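In: sequence plus the predicted model coming up.
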Amino acid sequence: MNSDRDIQISFLEWVKTQKPEGKFVEELETLLDISKDSAYRRMRGDTLLTFNEIRKISQHFGASLDTFFNLSKDTVLFHKRMLNVNYGYLDFLKSVLASVKMIQEDESYHMTYVAKDIPPFHYFRFPELSRFKSFFWRRTILKEPSLMNQVYGPNVISKEMLDICAEIWNAYQQIPSLEIWSDETINITLRQIEYSYETNMITSDQFRTLVDDIRSLLTVINKEAEEGHKMHPDNSQRLINGKFDLYYNEIEIGDNTVFFSLGNRRMVMKTYNMLNLLNTTDHAFCENIEQYIKNILQKSVPISNSSEKERLKFFHKMNQKVDLFEQKVR
């Protein structure tokens, strides 16, 4: 049977789905007259809601307790972050930052990332890659009208967006994590760079800079895998709490799946339509994903810490792929 804490976490995640996209935590602060830290403690189940708080939440958000407790056992509740005209890319970045910071605040959390694409946190520590990915997503995936006739350049992404991206990386670097990559993980970004070059969105010099940054990113991640710890790209310092394990899986990964664990608590986050996110704390669903990850790990090769031969082979293959890509496109 789920504990009171599990039920509360599921309840608050479900309440989020009953309202338009917005600043749920801030609204909870105002509604319950509590601090942001207290709101996050309730979100994590560290502080249990009182009956009066449950009443206020149910009435304010129109969230029926009868509906919540009578859901079918085959139903899984997801909280969505879907980009649209009312919830733009800047809102999305702020939401991701809030989530990563909340996880970072508890040192017992662990993150597992099954990566179809390179986890975006890594791009965000390289300003040029961070700027390009944000531009590409906004122009090509989100089709923001303000960017449809623009080419890539230093001013296409606001300083505020780049600063938030950097903050996301700074928070992520302090979270112990395990990543599973395949031969295909690097391909999505290479194809995005190729498309941008062939459609004249980027110049030859920008193409070279981005490819060089991909090589630098691979070099840093190779070093992190060797050390078993995340590192600052400028000075190669090991980062506090940033334990890092990397696995190589020969089978192509179907989608990006992020799994968080803290003691008996679990949360799963999945991407859809490139940038949109679904997350849930549903006990059965999280158990299923945890078993799925265990199965993948059994068929994967560890390439961090002492696994020097496999690590060198993998990153040599990745760098060869970048070299062949550059020769083909140029």
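Out: Arrived safely.
In: which intervals of the stretch 51-200 of the chain have sub-threshold pLDDT?
Out: The stretch 51-200 of the chain contains residues with pLDDT under 70 at 64, 66-67, 69-73.
In: what segments of it are strands?
Out: Taking DSSP state E, counting those that start in this stretch as the test, the strands found in the stretch 51-200 of the chain are 79-81, 110-114, 177-181.
In: Asp163 is nearest to which of the ones you listed?
Out: Between Asp163 and those, the shortest gap by C-beta to C-beta is with strand 79-81, which sits at 20.0 Å. For glycine as for every other residue, the C-beta is placed from the backbone atoms N, C-alpha and C.
In: contacts for that closest one?
Out: 13-14, 16-17, 21, 87, 92, 95-96, 276-280 (C-beta atoms under 8 Å, 6 or more residues apart in numbering).
In: now swap in stretch 41-56 and tell me
Out: The contact list for stretch 41-56 (C-beta under 8 Å, 6+ apart) reads 4-6, 8-9, 11-12, 25, 28, 31-32, 34, 38, 57, 65, 102, 106, 265.
In: are any of those buried, and if so which?
Out: Asp6, Gln8, Ile9, Phe11, Leu12, Val25, Leu28, Leu32, Ile34, Ile57, Met102, Arg265 (16 or more other C-beta atoms under 10 Å).
In: those residues in strands, which ones?
Out: Among these, the residues falling in strands (DSSP state E) are Arg265.
In: for the buried ones among the contacts of stretch 41-56, give me a markdown table that also has distance to Asp213.
Out: Listed next are the buried ones among the contacts of stretch 41-56 as a markdown table, based on distance: C-beta to C-beta, whole Å:
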| residue | distance to Asp213 |
| --- | --- |
| Asp6 | 42 |
| Gln8 | 43 |
| Ile9 | 38 |
| Phe11 | 43 |
| Leu12 | 39 |
| Val25 | 34 |
| Leu28 | 39 |
| Leu32 | 45 |
| Ile34 | 43 |
| Ile57 | 45 |
| Met102 | 29 |
| Arg265 | 36 |
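In: which of the buried ones among the contacts of stretch 41-56 lies closest to Glu250?
Out: Using C-beta to C-beta, the buried ones among the contacts of stretch 41-56 come closest to Glu250 at Arg265, 31.9 Å.
In: the helix or strand hosting Ile293 to strand 110-114, inter-axis angle?
Out: Under the criterion of DSSP states H and E, Ile293 resides in helix 283-298. Counting by axes from the mean of the first three to the mean of the last three C-alpha atoms, to 10 degrees, helix 283-298 lies at 70 degrees to strand 110-114.
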